[in-house]
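# coordinates only, sequence not included:
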């Protein structure tokens, strides 16, 4: 009985993930898919001027680009996607 519930929950989660992935710009999807197999979480906040994943301080230009929020910005150390919170 539990296996049926777990299988149903997995199918539901996979369907939701596929639906959400359709909203991601085509250029960004491969980056995200590569990251979820290597790093968790693949997307982290910029905390001050440091990556929320590896805590490495980012150069001022990277921090500024994240704050402008007009392109995909990758941590120079761990490769995670950075966003401004």
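Yes, it's here. As the structure is a computational prediction, the values presented were derived from the model and not from experiment. Numbering: from 1, shown residues only.

# Does residue 71 touch residue 64 like I think?
No - with contact defined as Cβ atoms under 8 Å, residue 71 does not count as touching residue 64 (11.4 Å). All C-beta spots, glycine's among them, are computed from the backbone N, C-alpha and C.

# can you give me the helices for this protein?
For the chain, applying DSSP state H gives helices covering 2-21, 29-38, 60-68.

# Need the contact partners of the longest one.
Contacts to helix 2-21, defined as Cβ atoms under 8 Å, 6 or more residues apart in numbering, come from residues residue 29.

# Swap in 6 Å and give it another go.
With Cβ atoms under 6 Å, 6 or more residues apart in numbering as the contact definition, helix 2-21 has no outside contacts at all.

# Please state the mean pLDDT value computed over that helix.
For helix 2-21, mean pLDDT rounds to 72.

# So which bits of it are buried?
Buried residues in helix 2-21, defined by neighbour count with 16 or more other Cβ atoms under 10 Å: none.

# That helix versus helix 29-38: what angle between them?
For helix 2-21 against helix 29-38, the angle by axes from the mean of the first three to the mean of the last three Cα atoms, to 10 degrees is 150 degrees.

# how far away is the most centrally placed residue in the chain from residue 54?
Nearest to the mean C-alpha position of the chain, counting by Cα atoms, centre = their mean, stands residue 43 at 2.6 Å. Counting by Cβ to Cβ, to the nearest Å, the gap from residue 43 to residue 54 is 13 Å.

# Residue 80 too?
Residue 80 is 7 Å from residue 54, by Cβ to Cβ.

# Hmm, residue 73 and residue 65 touching each other?
Yes - assessed by Cβ atoms under 6 Å, residue 65 is found in contact with residue 73 at 5.2 Å.

# okay, and for the chain, where does confidence drop off?
1, 14, 16-18 (pLDDT under 70).

# that older thread, give the bridge partners for the residue nearest to the centre of the chain, please.
Here residue 43 sits in beta bridges with residue 81, going by DSSP bridges.
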